[in-house]
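[1] just need the structure, nothing else, for what follows:
(chains A and B)
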Amino acid sequence: GQQVMQIPQYQHVQEGEDFTTYCNSSTTLSNIQWYKQRPGGHPVFLIQLVKSGEVKKQKRLTFQFGEAKKNSSLHITATQTTDVGTYFCAPDFGNEKLTFGTGTRLTIIP
Amino acid sequence: DTAVSQTPKYLVTQMGNDKSIKCEQNLGHDTMYWYKQDSKKFLKIMFSYNNKELIINETVPNRFSPKSPDKAHLNLHINSLELGDSAVYFCASSQSRETGNTIYFGEGSWLTVV
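    Numbering: from 1, shown residues only, chains lettered A, B, ... in the order given. Next comes the predicted model:
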């Protein structure tokens, strides 16, 4: 079946440390999106990756799509308190149903 | 102006009651969704409508009934509420039914069943 695993479920980091969340699929994806949900807020679109091996950057955030289009990662360099929230990957299996990963909840220790 | 708006934002109700959550989007999108987020933050799709037509209906109890009077509105009615229905319900929309489109979420409706 089409499944995606997102790890870790929780991550606590000191402010200034780096953070990475991974999304791993059992099948090849058409594309993958990433969303961020602040505490008490709603998911907000961050980026979409389409091409094999694609790397995109948004300031301190780096998004990667694996060569086989089964894995993706989001890396944050030098975390800040504003990075707090839950990060979701949203893999596209090409079935008109955008599902979401289980999310990684990031907390920052000042 | 809020792109996807849903009401009410907070709802506390007793078991067995019937309640509705309304959703409207002013983005001109064709596709609308209802997602449920539980206490563990898992986001699960419940329903999807494209131009008022139901296209996705996940394994959801039939106590949940969506209604789309036009493509800008997608309401969710819940009958005989149970404790396990307590969650945050997010309405969302996208340009079209093809995945690869950005999903725009409403601010959520916090439902607590007591």
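
[2] do you know how far the most centrally placed residue in chain B is from chain A?
    The centroid of chain B falls nearest to B:Trp34 when counting by Cα atoms, centre = their mean (2.9 Å). Distance of B:Trp34 to chain A, given as Cβ to the nearest Cβ, to the nearest Å: 13 Å. Any C-beta I mention is one placed from the backbone N, CA and C, and that applies to glycine too.

[3] that residue and A:His12: what is the separation?
    With distances defined as Cβ to Cβ, to the nearest Å, the gap from B:Trp34 to A:His12 amounts to 32 Å.

[4] quick one: contacts for the closest residue to B:Thr13 other than its chain neighbours?
    Here the nearest residue to B:Thr13 in space, its sequence neighbours aside, is B:Lys19; by Cβ to Cβ, 6 or more residues apart in numbering or on different chains that works out to 5.5 Å. Neighbour list for B:Lys19: B:Leu11, B:Thr13, B:His77, B:Ile78, B:Leu81, B:Leu111 [criterion: Cβ atoms under 8 Å, 6 or more residues apart in numbering or on different chains].

[5] how long is stretch A:56-70 from one end to the other?
    One end of stretch A:56-70 sits 17 Å from the other (Cα to Cα, to the nearest Å).

[6] actually stretch A:33-50, sorry about that
    So stretch A:33-50: terminal residues 9 Å apart, Cα to Cα.

[7] hang on, the earlier thing: who are the packing partners of the one helix or strand the residue nearest to the centre of chain B maps to?
    Using DSSP states H and E, B:Trp34 maps to strand B:31-37. Here strand B:31-37 touches strand B:19-25, strand B:43-50, strand B:73-78, strand B:87-94, going by 3 or more Cβ pairs under 8 Å, 6 or more residues apart in numbering or on different chains; DSSP states H and E.

[8] compare those and say which comes out lowest on pLDDT.
    Within these, the stretch with the lowest mean pLDDT is strand B:43-50, showing a mean of 92.

[9] identify the bridge partners of the residue nearest to B:Thr13.
    Judged by DSSP bridges, the bridge partners of B:Lys19 are B:Ile78.

[10] give me the below-cutoff pLDDT ranges for chain A.
    Low-confidence regions of chain A, defined here as pLDDT under 70, cover residues A:1-2, A:96.

[11] who in it is up against chain B?
    Counting by Cβ under 8 Å from any Cβ of the partner chain, the residues of chain A close to chain B are A:30-31, A:33, A:35, A:37, A:41-45, A:48, A:50, A:86, A:88, A:90, A:92-100, A:102-103, A:105.

[12] mind checking which of those residues land in strands?
    Among the residues of chain A next to chain B, DSSP state E puts A:Asn31, A:Gln33, A:Tyr35, A:Gln37, A:Val44, A:Phe45, A:Gln48, A:Thr86, A:Phe88, A:Ala90, A:Asp92, A:Arg105 in strands.
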